[in-house]
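Engineer: Model the following, please.
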Amino acid sequence: MNKKILVGAFLLLFAVGFTTLPVSQFFAPAITVPTGFSIIKVADSLGKVRHIDVNNSGGIYVRLNALKDGKGTLYLTDQNMDGVMDTKTAFGNFPGTGIVIKGKYLYSSSNSGVFRYKLNKAGEVMDKENPELIVDGLIDKKRDNSKSITLDNKNNLYVTIGSYSDACREGSTGKGIPGCPILDSAAGIWMFKANKTNQSFKDGLRYATGLKNSVGIDWNSDSKSLFATHHGRGAFSDKFPGMYTAKQDTEIPSETVYELKKGSDAGWPFTYYDNFQKKVMQAPEYGGDGKTEGDAKFIKPAFALPAHLAPNDILFYTGDMFPARYKNGAFVVLHGRSAELKKAYFVAFVPFENGKPSGDWEVFAENFTPWAGPAQYRPMGLAQGPDGALYVADDLKGTIFKITYNK
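Structural biologist: Residues are numbered from 1 along each chain as shown. Here you go, the predicted model:
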């Protein structure tokens, strides 16, 4: 696909808590996007940004992984209508990852629960100091503890609970713990009622399991099903040098995206996906040897990506701004580095038809960071604006980019 390099030079004017910065800090990197698209910065220096969402007025809600000035959620607006955010309101005294607008409410997750704020007609939070507690008491052992969220159209709330173990091993050995008891309370996605307050973990349904850490989840309205990105387990050769090489450690397991139904089991820690063999393989901790396939009860991914790219968000595009081939397709943020591809930190796209992938994944926006150089920007979160623009949040400098198509 032909691409052009677009270099933005947009000065952000800040108010309501923003700090004015030198203009030299607002030059966008040489990010490449497909021909016909443009990319600009609309906000910067926000803090440790995670997921974002955009309301029907174009205001941006931002979740922070660490409190900034005691607050964990930001609301950005463009009051002077010059294309960049110029006001910021901070609220919420809890850090976290998930943030989703659904109907009349803004849902926001901490690392152990989910809150809900009522919105006015403009999509603005009415009472910032008193959110409703929807779910509390979800396990938080610090590692892979983000609680990503999404909702369907039937008042169901889906919450990721990541594993705090890489491969569910017995201590420092290469032996897997039989049955992996972690699966009872983590390494999956739980479903709660979106309109019921004060729920606890026991009120939830384990909707899908065998997912080590699904930082990106989204409800696909076209297929009427849940999709989740999946971070693969770590290296093989350190514990199984006779079965796997150091080179294979850079190439497998694949990062995967699953379509999930009630009761789906993606196989962690008992299996992993090998994108070279196109097979679900039995994990070495549980008797695998790099050649033996996993049990057929474990589902295959909807699509797979190269190892160690850390897919951290997924968004199904429903807007009308982009060309027709993007409609209902999946954008995926990749927050890691691939030695196989020699690429780092980019946004991929997968075309969909009738709720299923209809082609291979492709690079959509890249060069946020050079492959060999120090990190400049690290894409983390995705959101779609009311006009169909795509927003990309960076968690290194706290920058938000806006991608538009020039018809």
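
Engineer: For the host helix or strand of I40, name the packing helices and strands.
Structural biologist: When elements are assigned from DSSP states H and E, I40 belongs to strand 37-43. Here strand 37-43 touches strand 3-6, strand 400-405, going by 3 or more C-beta pairs under 8 Å, 6 or more residues apart in numbering; DSSP states H and E. Backbone N, C-alpha and C define where each C-beta goes, glycine included.

Engineer: can you give me the angle it makes with strand 400-405?
Structural biologist: If you take axes from the mean of the first three to the mean of the last three C-alpha atoms, to 10 degrees, strand 37-43 sits at 160 degrees to strand 400-405.

Engineer: Show the subsequent helix or strand relative to strand 37-43.
Structural biologist: Per DSSP H and E, the first helix or strand lying C-terminal to strand 37-43 is strand 49-54.

Engineer: For that following strand, give me every contacting residue.
Structural biologist: Under the criterion C-beta atoms under 8 Å, 6 or more residues apart in numbering, residues 60-65, 96-101, 106, 146, 148, 313, 380-386, 391, 393-395, 398-400 lie in contact with strand 49-54.

Engineer: If we use 7 Å, what do you get?
Structural biologist: Outside strand 49-54, the residues that touch it by C-beta atoms under 7 Å, 6 or more residues apart in numbering are 60-65, 97-101, 146, 148, 313, 380-381, 383-386, 391, 393-395, 398, 400.

Engineer: Give the pairing partners of that strand; include direction for each.
Structural biologist: When pairs are called by DSSP bridges, strand 49-54 turns out to pair with strand 60-68 (antiparallel).

Engineer: So for the strand it pairs with, what gets flagged as buried?
Structural biologist: For strand 60-68, the neighbour count (16 or more other C-beta atoms under 10 Å) marks I60, Y61, V62, R63, L64, N65, L67, K68 as buried.

Engineer: Looking at those, which is nearest A372?
Structural biologist: N65 (26.6 Å; C-beta to C-beta).

Engineer: The closest one reaches K48, doesn't it?
Structural biologist: Yes. Assessed by C-beta atoms under 7 Å, N65 is found in contact with K48 at 4.2 Å.

Engineer: and the spatially closest residue to D136 that is not a sequence neighbour, what does it touch?
Structural biologist: Spatial nearest neighbour of D136, chain neighbours left out: G113 (4.0 Å); criterion: C-beta to C-beta, 6 or more residues apart in numbering. For G113, the contacting residues are L133, V135, D136, G137, L138, by C-beta under 7 Å, 6+ apart.

Engineer: In terms of distance to N354, which of those residues ranks first?
Structural biologist: V135 (33.1 Å).

Engineer: and that closest one, how many neighbours does it have?
Structural biologist: 29 (other C-beta atoms under 10 Å).

Engineer: do the same with D360
Structural biologist: For D360, the count of nearby residues is 9 (other C-beta under 10 Å).

Engineer: Kindly report the same for P241.
Structural biologist: Neighbours of P241 (other C-beta under 10 Å): 10.

Engineer: Kindly report the same for G242.
Structural biologist: 9.

Engineer: mind listing what it touches?
Structural biologist: With contacts defined as C-beta under 7 Å, 6+ apart, G242 has no neighbours.
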